[in-house]
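> What follows is a predicted structure for the sequence shown.
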Amino acid sequence: MVPWRSILMATMGGFLALVLGCASGCGRAVLIRETDPVRAGPSFRGRVYTLIENEWRLTPNEVEIPEGWYMVPPSFVEGPHE
């Protein structure tokens with residue numbers, strides 16, 4: 001017969017291992033400022049705005065942005081800003 005303390009310790013140890021495993025690598029986020037330029041990574045896809053007749057229009061479909069292209073805040077670009 002296994003004493004209840006051994007079962008409790010094993011359960012707590014398993015739970016602790018799961019928590020430490022998730023905390024060490026799961027759900028990491030890198031925050032960037034809105035004013036910082038960024039570069040597209042590999043396989044970057046998404047909807048983008050294009051300047052047509054002096055008006056920014058959102059594309060209906062996703063497009064692939066080549067790796068290494070810069071994405072900058074409007075203050076870096078000449079033209080109409082919202």
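On my side now, so go ahead.

> Could you list the low-confidence segments of the protein?
1-2, 19-28, 79-82 (pLDDT under 70).

> Give me the most central residue, it.
Geometric centre of the chain, nearest residue: A29, 6.5 Å, by C-alpha atoms, centre = their mean.

> distance of it from M71?
To M71, A29 is 18 Å away according to C-beta to C-beta, to the nearest Å. From N, CA and C alone the C-beta is placed, and that goes for glycine too.

> now G41
11 Å.

> who has more neighbours, those two?
Legend: neighbour count by other C-beta atoms under 10 Å for G41 and M71, higher for M71 (13 against 9).

> Settle this for me: that one is touching F44, isn't it.
No - counting by C-beta atoms under 8 Å, M71 does not reach F44; the two are 9.0 Å apart.

> intersection of neighbour lists for these two?
In the contact map built from C-beta atoms under 8 Å, 6 or more residues apart in numbering, the residues linked to both M71 and F44 are I65.

> And the contacts of stretch 31-44?
Here stretch 31-44 has contacts from E64, I65, P66, E67, G68, W69, Y70, M71, V72, P73, S75, F76, using C-beta under 8 Å, 6+ apart.

> wait, the second one sits on R47?
Okay, so that is I65. No - I65 is beyond contact range of R47, at 10.7 Å (criterion: C-beta under 8 Å).

> My read is that G46 contacts N61, right?
No - between G46 and N61 there is no contact under C-beta under 8 Å: 10.2 Å.

> between these two, which one's more packed in?
Taking other C-beta under 10 Å, G46 and N61 do not tie; G46 has more neighbours (11 against 7).

> now that one, nearest residue through space, not along the chain?
Sequence neighbours aside, E62 is the residue nearest to G46 in space, at 5.6 Å (criterion: C-beta to C-beta, 6 or more residues apart in numbering).

> Contact partners for that neighbour?
With contact set as C-beta under 8 Å, 6+ apart, E62 has these partners: R45, G46, R47.

> again, 10 Å this time
If a contact means C-beta atoms under 10 Å, 6 or more residues apart in numbering, then E62 has F44, R45, G46, R47, V48 as its contacts.

> Which residues are in contact with the last one?
The contact partners of V48, taken as C-beta under 10 Å, 6+ apart, are W56, R57, L58, T59, N61, E62, V63, I65, M71.
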